[in-house]
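Q: Starting from these lines, generate the structure:
(one chain, ligands or ions: 2)
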Amino acid sequence: MDYTVMMPAAGSGQRMGAGYNKLFLQLNHKPIIIRTLLVFEEDPACTGIILAVKPDERNEIQSMLDQFGISKIQTIVDGGTERQYSVAACIEAHAENGIVLVHDAARPFLKKSVIANLVQKATKYGAAIAAVQAKDTMKIVTDGVVEETVDREKLWIVQTPQAFRYDVLKEASESANRAGFLGTDEAMLVERLGHPVHIVESTYENVKMTTQEDLAFGEIILNRQQEDIL
Ligand code: CTP
Ligand code: MG
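A: Numbers count the residues shown, from 1 in each chain. Ligands and ions are numbered 1, 2, ... in the order given. All right, here's what the predicted structure looks like:
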């Protein structure tokens, strides 16, 4: 089943502390943003990519796309001051019905089988998100004192991709922005309208490259993938 990807890449990577956009950092000789794009470039079901970038990084990103032969970019839009606004700019640039995936440019290790399951569930239910079960015991704490231990079975750590029918995502995004509501993921905006959001079990490897430790983890994942191929 075909889908389009909306990829926010207009952040500044503050927590990585590289002094520039973390997406330009290399993991085994390829920039993070390229590694993420290649997953979709190589997936026949992906028909197009809409990328949100910072205006002053547009040229640098365009030359990376050329260098690594990324051919599925449909549109490059200017990102906004918040991730949600960068995604809104992608939504505005797209007008086709069908399934769209929103995926962070900072998550290069997503699995193709997870994408396929997301597309299938979003087609059926309108909204589906990648997530993994919490491994640790989780507690609600107020002022340094435990209030409650949460039932771990019910806790999921949410990732991207998040997949939606285009009309569902568009309505949720426009409604949130009109109301000045800022969510931490797209699913929150859809939940806000009372629309059910389904879970697709993902892998613990699909981490977001956020801080320095994540880069070390990323290199381990890449080396392991290499060993699998050999
Ligand atoms: N992003 C975006 N527009 C923003 C902020 C973030 O398109 N205004 C993108 C980032 O480029 C990244 C994804 O959203 O691909 C997830 O965001 P995050 O991991 O928080 O990246 P940054 O915002 O760049 O990092 P930090 O929060 O540490 O500054
Ligand atoms: Mg951020």
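Q: hey, let's count contacts and neighbours off CA atoms from now on
A: Will do.
Q: And Thr36, its phi and psi?
A: Dihedral pair for Thr36: phi -70, psi -40, per degrees, to the nearest 10.
Q: So it is in contact with Ile70, correct?
A: No: look at Thr36 against Ile70 with CA atoms under 8 Å: they stay out of range, at 10.8 Å.
Q: So for these two, which residue has more residues nearby?
A: Using other CA atoms under 10 Å, the more surrounded residue of Thr36 and Ile70 is Thr36, with 20 against 17.
Q: Leaving out the residues flanking it, which one is nearest to the more buried one?
A: Nearest non-adjacent residue to Thr36, counting by CA to CA, 6 or more residues apart in numbering: Pro108, 4.0 Å away.
Q: Please list all residues in contact with the one you found.
A: Ile32, Ile33, Arg35, Thr36, Leu37, Val39, Asn206, Lys208 (CA atoms under 8 Å, 6 or more residues apart in numbering).
Q: what about Val119, neighbour count?
A: Look at Val119: counted by other CA under 10 Å, it has 29 neighbours.
Q: May I have the secondary structure class of the nearest residue to it once chain neighbours are set aside?
A: Nearest non-adjacent residue to Val119, counting by CA to CA, 6+ apart: Ala163, 6.4 Å away. Recorded secondary structure, Ala163: strand (DSSP: H, G, I helix; E, B strand; the rest coil).
Q: what separates Ala163 from Tyr204, distance-wise?
A: In this structure, Ala163 and Tyr204 are 19 Å apart, going by CA to CA, to the nearest Å.
Q: Output the set of residues of this structure in proximity to ligand 1.
A: For the chain, the residues in contact with ligand 1 (CA under 6 Å from any ligand atom) are 8-16, 52, 79-83, 86, 104-106, 210.
Q: Now list the buried members of those residues.
A: Restricting the residues of the chain next to ligand 1 to buried positions leaves 8-13, 16, 52, 79-80, 83, 86, 104-106, 210, with burial counted as 16 or more other CA atoms under 10 Å.
Q: Mind checking which of these are in strands?
A: Judged by DSSP state E, those include Pro8, Ala52 as members of strands.
Q: can you map out the strands along the protein?
A: For the chain, applying DSSP E gives strands covering 3-8, 26-27, 30-31, 46-53, 73-78, 99-102, 127-133, 139-142, 145-149, 156-165, 198-201.
Q: rewinding a little: give me the more crowded residue out of Ala163 and Tyr204.
A: Remark: of Ala163 and Tyr204, Ala163 carries more neighbours, 33 against 14, as counted by other CA under 10 Å.
Q: list the contacts for that one?
A: Applying CA under 8 Å, 6+ apart, we find Ala163 in contact with Ile99, Val100, Leu101, Val102, Leu118, Val119, Ala122, Gly126, Ala127, Ala128, Ile129.
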